[in-house]
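1. structure for the following, please:
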Amino acid sequence: MNAAGPFERIPPGSRFVDLPSPFEFKRGGALHGARVAYETWGELDAAGGNAVLILTGLSPNAHAASHDGDPEPGWWEAMLGPGKPIDSDRWFVICVNTLGSCKGSTGAASIDPATGAPYRLAFPDLSIEDCARAAHAVVRALGIEQLACVIGNSMGGMTALAYLHLHPGAARAHINVSGSAQALPFSIAIRSLQREAIRLDPHWNGGDYDDARYPENGMRIARKLGVVTYRSAMEWDGRFGRVRLDDDTGEDERFGMEFQVESYLEGHAKRFVRSFDPNCYLYLGRAMDWFDLAEYGGGDVMRGLASIRVERALAIGVETDILFPLQQQQQVADGLRAGGCDAEFLALPSPQGHDAFLVDIARFGPAIRGFLDALSH
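-> I've put the predicted structure just below:
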């Protein structure tokens, strides 16, 4: 099992599954002694039929909600727990930290057992399919033959579709939350700019940085670009308008921050830059850009979706999402339905853009609860 590298940030409640060694990657290369971090809530029933897997977006860890092993609130605290929409009194819930991350699963920030140093850019080219296979290894290690449902958010929606394609029959149902079957040019362009900001920071140094020489500015700009796309123009206007900061920038900062929205982005970026490894950010963003279910449909994404065998599905999107726009969730539902799935598409009018599933629980919660409740009837 890999030791933690200096830029890994592992929640205290994490548990681990060792991956098969070697763990071979879709695009070549392999890991030896790799692991995946996960956390669980609830109890697996005697038949093993009440398991729900959550696959995350790019930056979250496996700590989706508080539990006895880690009482700190998780990133989906309002959605998961006793009596909540994903009810841990009913479901055995597993959340996996994505392979390639820096939150416990092996990634570019982890120690390479062959060298005793972080992998950095020696980490193999990561694909969404590799992340899906690693998540499946966790589920099997827990003794689960078939999931009741696999839930994927954002990048996790891509991982969930890859999971279902690679492992037919691995889940009875699927909830795709603001996800997609392929990356579109706009989101590729944004992530390309994020990667460029990191790589052009002189402290990135070809991936070889340390605490003293860290690509702080590159990560700040990359995160700001991301946050701008995670919310909607409607929300930015509603929250900040054109409210200005106090005029105390001084002559040396004539082009410095002037509006409250700029200050918000700066504060958000500063909180993030040391909490996520830059190389891992590069690997995961590129994996999203590469993902395309059309590969499995003779160049046709709808045929790729129709090749997936799952009984029921719900694809939820948000009208104001510019990063994973609504038509992508419509496409997921339509494609799965073409393959014989009882698939539903739900468009929500949340003003909060792509991040709505994290904060607009009043809209997302009832939809997810209703779908899961129906599975147990």
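2. just the mean pLDDT for stretch 151-162, thanks.
-> What stretch 151-162 shows for mean pLDDT is 98.
3. residues in contact with it?
-> 52-58, 86, 98, 128-129, 131-132, 135, 150, 163, 174-181, 284, 288, 291, 293, 305, 308, 324, 332, 354, 357, 368 (Cβ atoms under 8 Å, 6 or more residues apart in numbering). Any C-beta I mention is one placed from the backbone N, CA and C, and that applies to glycine too.
4. what do you get if the cut-off is 7 Å, keeping everything else the same?
-> Contact with stretch 151-162 is made by 52-58, 98, 128-129, 131-132, 135, 150, 174-181, 288, 291, 293, 308, 324, 354, 357, as judged by Cβ atoms under 7 Å, 6 or more residues apart in numbering.
5. buried residues in stretch 67-79, which are they?
-> Buried residues in stretch 67-79, counted by 16 or more other Cβ atoms under 10 Å: 67, 70, 74, 75, 76, 77, 78, 79.
6. coming back round to it: put the buried members of the contacts of stretch 151-162 into a PyMOL selection.
-> When burial is assessed using 16+ other Cβ under 10 Å, the buried subset of those is captured in PyMOL by this command:
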select buried, resi 52+53+54+55+56+57+58+98+128+129+131+132+135+150+174+175+176+177+178+179+180+181+288+291+293+308+324+354+357
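7. which of the buried residues of stretch 67-79 sits closest to residue 194?
-> Nearest to residue 194 among the buried residues of stretch 67-79: residue 75, at 20.1 Å, using Cβ to Cβ.
8. that closest one reaches residue 60, doesn't it?
-> Yes: with contacts counted by Cβ atoms under 7 Å, residue 75 reaches residue 60, the gap being 4.7 Å.
9. list the helices and strands the lowest-mean-pLDDT helix or strand in the chain packs on?
-> Every helix and strand of the chain was ranked by mean pLDDT, DSSP states H and E. The lowest is helix 233-240, at a mean of 87. Contact analysis of helix 233-240 by 3 or more Cβ pairs under 7 Å, 6 or more residues apart in numbering; DSSP states H and E lists helix 260-273 as its packing neighbours.
10. and the helix it packs on, C-alpha only, in PDB?
-> The C-alpha coordinates for helix 260-273 follow below in PDB (Å, rounded to 0.1, in the frame of the first residue of the first chain):
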ATOM      1  CA  GLN A 260     -17.100  42.000  -4.100                       C
ATOM      2  CA  VAL A 261     -17.300  39.200  -6.700                       C
ATOM      3  CA  GLU A 262     -13.500  39.400  -7.200                       C
ATOM      4  CA  SER A 263     -13.000  39.200  -3.500                       C
ATOM      5  CA  TYR A 264     -15.200  36.100  -3.200                       C
ATOM      6  CA  LEU A 265     -13.300  34.400  -6.000                       C
ATOM      7  CA  GLU A 266     -10.000  35.200  -4.300                       C
ATOM      8  CA  GLY A 267     -11.100  33.900  -1.000                       C
ATOM      9  CA  HIS A 268     -12.400  30.700  -2.500                       C
ATOM     10  CA  ALA A 269      -9.300  30.100  -4.400                       C
ATOM     11  CA  LYS A 270      -7.000  30.700  -1.500                       C
ATOM     12  CA  ARG A 271      -8.900  28.100   0.600                       C
ATOM     13  CA  PHE A 272      -8.500  25.600  -2.200                       C
ATOM     14  CA  VAL A 273      -4.900  25.900  -3.500                       C
END
